[in-house]
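[1] Build me a model from this:
(one chain, ligands or ions: 2)
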Amino acid sequence: MPAYAHPGDAGADLLTTVDVTLAPGERALVPTGVAIALPLGYVGLVHPRSGLAARHGLSIVNTPGTVDAGYRGEIKVLLINLDPAEPIVLKRGDRVAQLVVQRVERARFEPVDALPESVRGSGGYGSTGGFGA
Ligand SMILES: O=c1ccn([C@H]2C[C@H](O)[C@@H](COP(=O)(O)OP(=O)(O)OP(=O)(O)O)O2)c(=O)[nH]1
Ligand SMILES: [Mg+2]
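    Numbering: from 1, shown residues only. Ligands and ions are numbered 1, 2, ... in the order given. Prediction:
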């Protein structure tokens, strides 16, 4: 079962049901053995775990993965080894990701001729500055 490690945790840890070894740069779609039925208006987001990321370079290709409320299949995690040199060895039962359940709005999209003005406008992609030059 997915489990919260502590009270107050946002993410419930997901376990791999298989042994898998990831070579540097390699990715694998890993089963978790979990299927859920979220109420409408909620989403499950599959996030990496920071400890595995920091220590081993383990991440998720499509982070955060989106689990739709209507999805009844098994939740899988698209793991990737971002370490340039070391393989990552995962065993069945290892906690490889975490599931964050959030409320989500459903938008209604409408074509318009113009958008309301804002302070930001169309600035993005570093328009407020960054570091260095
Ligand atoms: O990390 C993930 C991401 C997705 N899914 C499952 C649940 C989700 O509801 C479904 C579809 O995901 P998504 O919409 O991201 O994939 P897609 O490539 O758009 O596939 P589809 O055409 O089935 O929507 O796959 C997972 O199990 N793990
Ligand atoms: Mg989709």
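[2] CA atoms for contacts and neighbours, from now on please.
    Fine.
[3] Contact residues of the protein facing ligand 1?
    Taking C-alpha under 6 Å from any ligand atom as the contact definition, the chain meets ligand 1 at 46, 65-68, 71, 74-78.
[4] would you turn these into a markdown table with distance to Leu52, neighbour count and secondary structure?
    A markdown table is the format used below for these (distance: C-alpha to C-alpha, whole Å; neighbours: other C-alpha atoms under 10 Å; DSSP: H, G, I helix; E, B strand; the rest coil):
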| residue | distance to Leu52 | neighbour count | secondary structure |
| --- | --- | --- | --- |
| Val46 | 14 | 26 | strand |
| Gly65 | 17 | 18 | strand |
| Thr66 | 20 | 16 | strand |
| Val67 | 22 | 24 | strand |
| Asp68 | 25 | 17 | coil |
| Tyr71 | 27 | 15 | coil |
| Glu74 | 23 | 13 | coil |
| Ile75 | 19 | 21 | coil |
| Lys76 | 17 | 21 | strand |
| Val77 | 14 | 28 | strand |
| Leu78 | 14 | 18 | strand |
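[5] Look up how far Glu110 lies from the closest residue to Val18 other than its chain neighbours.
    Of all residues not flanking Val18 in the chain, Arg92 sits nearest, at 4.5 Å (C-alpha to C-alpha, 6 or more residues apart in numbering). Distance from Arg92 to Glu110, counting by C-alpha to C-alpha, to the nearest Å: 47 Å.
[6] These two: which has the busier surroundings?
    Arg92 (14 against 5; other C-alpha atoms under 10 Å).
[7] hmm, what's the outermost residue in this structure?
    Going by C-alpha atoms, centre = their mean, the residue of the chain most distant from its centre is Asp113, 35.2 Å out.
[8] what about that one, is that helix, strand or coil?
    coil (DSSP: H, G, I helix; E, B strand; the rest coil).
[9] and what of the one 10 residues further on?
    Gly123 falls in the coil class when you classify it by three-state DSSP.
[10] Looking at it now. What's its pLDDT?
    Note on Gly123: pLDDT of 95.
[11] Now do the phi/psi pair for it.
    phi -70, psi 140 (degrees, to the nearest 10).
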